[in-house]
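Trainee: Just the structure for this:
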Amino acid sequence: QVQLVESGGGLVQPGGSLRLSCAASAFTLANYEIRWSRQAPGKEREGVSCISSRDGSTYYADSVKGRFTISRDNAKNTVYLQMNSLKPEDTAVYYCHTSMRRLGKVYDYWGQGTQVTVSS
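Mentor: Alright, predicted model coming up:
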């Protein structure tokens, strides 16, 4: 059963760092584009970052560029989101997700989310 499990969230002071992990089960994560999105209370979900399966190229939203780094450990079948210089506006539930095409249909898979709270 395809599964994504996030971990690593928590409470951190402004300027601090956290590393989120997204562990995959029942599929090889490196074969798919993996995305991180976040949703803050009362706000729409926002795409944060993604890493390509083809060449490992990465994308970052302007709001996190220069502070967040996405990476992939193929041996551990895990994608990471290193978050530095955190700001209160980074507070949100963070999700990793991917899409797979099976017999002409696209299936979206999401993890359960991990809470990140940036506050003094």
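Trainee: So residue 17 sits against residue 81, correct?
Mentor: No: using Cβ atoms under 8 Å as the test, residue 17 is too far from residue 81 to be in contact (11.0 Å). From N, CA and C alone the C-beta is placed, and that goes for glycine too.
Trainee: With neighbour numbers in mind, choose between these two.
Mentor: residue 81 (26 against 11; other Cβ atoms under 10 Å).
Trainee: Which strand or helix spans that one?
Mentor: In this assignment (DSSP states H and E), residue 81 forms part of strand 78-83.
Trainee: Quick check: beta-bridge partners of the residue most central in space within the chain?
Mentor: With distances taken as Cα atoms, centre = their mean, the residue of the chain nearest its centroid is residue 36 (2.8 Å). Beta-bridge partners recorded for residue 36 (DSSP bridges): residue 49, residue 96.
Trainee: which ones are touching it?
Mentor: 20, 22, 47-50, 70, 79, 81, 94-96 (Cβ atoms under 8 Å, 6 or more residues apart in numbering).
Trainee: With adjacent residues omitted, what lies nearest to residue 3?
Mentor: Nearest non-adjacent residue to residue 3, counting by Cβ to Cβ, 6 or more residues apart in numbering: residue 25, 4.1 Å away.
Trainee: Next, find the distance separating that neighbour from residue 1.
Mentor: 7 Å (Cβ to Cβ, to the nearest Å).
Trainee: the more surrounded of the two?
Mentor: residue 25 (11 against 6).
Trainee: Retrieve the pLDDT associated with the more buried one.
Mentor: pLDDT recorded at residue 25 is 91.
Trainee: My guess is it contacts residue 2. True?
Mentor: Yes: in this structure, residue 25 is within contact of residue 2 by Cβ under 8 Å, at 7.1 Å.
Trainee: gap between the two ends of stretch 7-16?
Mentor: Distance across stretch 7-16, first residue to last, is 17 Å (Cα to Cα, to the nearest Å).
Trainee: try stretch 82-94
Mentor: Using Cα to Cα, the two ends of stretch 82-94 sit 12 Å apart.
Trainee: Please consider this matter closed, and thank you.
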